[in-house]
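A.B. asks: What shape does this take:
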Amino acid sequence: MRNTSHASPLKERQFESLVQKTLNRWHVPGMAIAMVDGDHTWAEGYGLASLPSTPVTPSTLFYGGSTTKAFTAAMLAKVTEDPATKIRWDTPISQLLPGDFALSDRCTGNQITVEDALSHRTGLPGHDHASSRTSVRENVRQLAHLPLTAKLRTRYQYNNLMYVAASHIIEAATGQWLGDCLARSFWQPLGMTGTYFSLKDAQAAPETLARGYYYSGHGGDKDGIYHEVDWMPLEEVSGAGSIITNVLDYAKWVHTLLRPQIFVEKNIFQSPETFHQLWEPRTLIPAAAPFTGPRAYALGWITECYMGFQIYEHTGSMNAFGAQLLLVPELEFGVIILANTPKTSNYAAQLLAFHLLDERLGIPKPQRFDWDRRNWAVIEKEKQWVADKIDYRPPVVLPLSLPLEKYVGTYTHAGYKDITIYLGSEGVLRADRKDVTWPESINFKHVTGDHFLMVSTHIEDFGAFCPDVYDAEFRISVEGKAWSVGIAWERAMGGEMIWFVKI
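C.D. replies: Numbering: from 1, shown residues only. Next comes the predicted model:
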């Protein structure tokens with residue numbers, strides 16, 4: 001039920017205890033939470049923004065990750081209101097970015113609209129390994145070389161690079177950097193003075209920017225420790241995930257989303273209909289407990305039914321940060337959570353956000369969904385899959401075609417750029433990808449013949465729990481030289497490989 005006492009539910013002893021227990025369980029150093037309920041907003045900080053002793057406060061800055069996508073979609077909605085731009089949701093992107101936007105299937109590429117790109121139904125899977133530390137325009141141009149795995153508008157496949165393309169559209173239409181567009185169109189009218197679109201601006205801000213960490217002891221190591229992670233540069237991520245903000249500012253954003261007439265009152269949108277288009281379901285997402293009925297991706301938002309209420313949510317995950325937004329328009333209720341570890345903070349935030357919603361709805365504790373159990377099951381399944389790949393031994397182990405040093409060299413792919421393979425001091429093939437958005441360090445484990453398993457250590461997704469593994473295969477020319485390497489970097493391709501040619 002609605003809190004009528006005006007006392008902060010975030011400071012109740014039981015909730016503070018739950019937060020600390022959750023941070024300890026998931027090994028998250030610090031977290032900030034804000035809750036909006038009607039006219040009331042509460043915000044608190046818990047734990048540490050940076051070790052050993054800097055506390056989190058409501059003004060502490062965190063990376064917002066993919067919660068940025070809602071702003072990118074909103075900015076495009078604003079652009080569609082301007083007749084001079086000639087941009088509509090059904091406008092083909094190839095018409096807006098001639099010479100820059102194309103897909104490996106030209107027919108599909110010519111049909112993809114702005115709406116398709118923002119609702120993850122283009123047929124292009126994630127291809128996150130293809131995102132490199134280059135310009136927005138260059139990352140968009142790489143799309144032409146990435147394989148599709150579905151027909152247009154037939155399957156939900158989350159794709160960050162399409163939101164980078166959306167950034168390019170906005171910047172081409174307005175002639176301005178997306179960060180300036182968002183500040184002028186949204187953040188300034190809403191009084192969001194602690195929100196930034198570049199690492200440089202966030203570092204220079206008066207607010208404290210939290211440090212990101214990953215924890216090394218999730219595998220059962222009793223001596224696990226926190227490792228500080230360098231702040232991630234954001235230029236190439238752009239509208240897919242560049243926002244750095246605090247829960248106070250995001251509470252202002254959520255309050256406006258829950259009362260969309262404010263958009264019109266502040267001359268952000270010309271019509272309430274412009275806002276409602278953002279929450280209109282576009283692409284079906286596979287159903288999952290505890291949600292009932294179909295789930296869908298709108299434009300920068302996931303919408304689903306929970307306990308009889310339509311909710312809107314989105315998470316964000318960067319190299320060492322996590323974010324969670326959860327809104328229930330019917331109740332004018334919203335939760336914002338920002339924290340400073342990769343993936344694990346998403347699990348912690350999900351549990352706490354839905355706990356606050358369950359409290360608001362008055363759901364009896366025995367009827368509440370066990371988020372920890374579900375998320376640990378997901379982790380254990382991934383760990384087992386990785387272990388099975390690493391432990392696999394083929395019935396017959398064939399020798400290498402060449403001495404190991406003959407596989408060394410730089411291999412290139414038009415979409416995935418370069419991978420340089422070298423012989424490590426321990427006598428195994430290695431590769432370090434440092435100039436990509438999601439850096440990784442790779443060991444090649446010989447399987448049989450010219451087949452290897454790439455074992456990758458990194459700090460995002462499940463990297464705190466287990467490495468990533470990818471099948472790899474070298475091709476040998478008739479002259480007896482390694483001339484290409486295939487890597488199964490994209491799971492949605494079902495084992496098909498991305499082929500790199502030796503330079």
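A.B. asks: Just the buried positions in stretch 276-287, please.
C.D. replies: Buried residues in stretch 276-287, defined by neighbour count with 16 or more other CB atoms under 10 Å: 277-279, 281-283, 285. (Each C-beta comes from the backbone N, C-alpha and C, glycine too.)
A.B. asks: ugh, wrong one, I meant stretch 362-375
C.D. replies: 363, 368-369, 371, 375.
A.B. asks: And the contacts of that stretch?
C.D. replies: Stretch 362-375 is contacted by residues 1, 25, 289-290, 307, 347, 350-351, 354-355, 358 when judged by CB atoms under 8 Å, 6 or more residues apart in numbering.
A.B. asks: one step back: which ones among the buried residues of stretch 276-287 map onto strands?
C.D. replies: Among the buried residues of stretch 276-287, DSSP state E puts 283, 285 in strands.
A.B. asks: Tell me the one of the buried residues of stretch 362-375 nearest residue 46?
C.D. replies: residue 371 (17.8 Å; CB to CB).
A.B. asks: where does that closest one sit relative to residue 153, distance-wise?
C.D. replies: Remark: distance between residue 371 and residue 153 (CB to CB, to the nearest Å) = 32 Å.
A.B. asks: domain parsing for the chain?
C.D. replies: With domains defined by automatic domain parsing, the chain comprises 9-64+199-233+243-369, 83-172, 394-502.
A.B. asks: tally of neighbours for residue 57?
C.D. replies: 18 (other CB atoms under 10 Å).
A.B. asks: Show me where the stretch 301-450 of the chain has its strands.
C.D. replies: When assigned using DSSP state E, counting those that start in this stretch, the strands of the stretch 301-450 of the chain occupy the ranges 302-306, 309-318, 321-328, 333-339, 409-413, 417-423, 429-433, 440-448.
A.B. asks: Ok, which of the ones you listed comes nearest residue 399?
C.D. replies: It is, among those and with distance given as CB to CB, strand 440-448, at 8.7 Å.
A.B. asks: the inter-axis angle of the helix or strand following that closest one versus strand 440-448?
C.D. replies: Counting by DSSP states H and E, the next helix or strand C-terminal to strand 440-448 is strand 451-457. On the basis of axes from the mean of the first three to the mean of the last three CA atoms, to 10 degrees, strand 451-457 is oriented at 150 degrees to strand 440-448.
A.B. asks: is the residue nearest to residue 428 when sequence neighbours are not counted in a bridge, and if so with what?
C.D. replies: Nearest non-adjacent residue to residue 428, counting by CB to CB, 6 or more residues apart in numbering: residue 443, 5.7 Å away. Per DSSP bridges, the residues bridged to residue 443 are residue 430, residue 455.
A.B. asks: contacting residues around residue 443?
C.D. replies: Counted by CB under 8 Å, 6+ apart, residue 443 has contacts 424, 428-430, 454-455.
A.B. asks: Buried ones in stretch 135-154, by neighbour count?
C.D. replies: Residues of stretch 135-154 classed as buried under the neighbour-count rule (16+ other CB under 10 Å) are 136-137, 139-150, 152-153.
A.B. asks: coming back round to it: can I get the buried part of the contacts of stretch 362-375 as one PyMOL selection?
C.D. replies: In PyMOL, a selection of the buried entries from these looks like this (16+ other CB under 10 Å):
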select buried, resi 307+347+350+351+354+355+358
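A.B. asks: The nearest residue to residue 11 once chain neighbours are set aside: what's it in contact with?
C.D. replies: Nearest in space to residue 11, with sequence neighbours left out and distances taken as CB to CB, 6+ apart, is residue 44 at 6.3 Å. Residues near residue 44 by CB under 8 Å, 6+ apart: 8, 10-11, 32-34, 58.
A.B. asks: Would you mind listing which of the residues you listed are buried?
C.D. replies: Using 16+ other CB under 10 Å as the burial test, these include 10, 32-34, 58 as buried.
A.B. asks: Out of the residues you listed, flag the one nearest to residue 252.
C.D. replies: So of those, ranked by how close each gets to residue 252 (CB to CB), first place is residue 34, at 9.5 Å.
A.B. asks: Shouldn't the closest one be within a strand?
C.D. replies: Yes. Assessed by DSSP: H, G, I helix; E, B strand; the rest coil, residue 34 belongs to a strand.
A.B. asks: Okay, and the beta partners of it?
C.D. replies: residue 43, residue 336.
A.B. asks: Go ahead and confirm it touches residue 58.
C.D. replies: Yes. Using CB atoms under 8 Å, residue 34 is in contact with residue 58, at 6.8 Å.
A.B. asks: how about the helices in the protein?
C.D. replies: 13-26, 68-80, 93-96, 106-111, 114-118, 136-141, 160-174, 178-182, 199-203, 247-258, 261-265, 272-278, 344-361, 371-391 (DSSP state H).
A.B. asks: Just want the angle from the first one to strand 333-339.
C.D. replies: Counting by the same axes, to 10 degrees, helix 13-26 lies at 40 degrees to strand 333-339.
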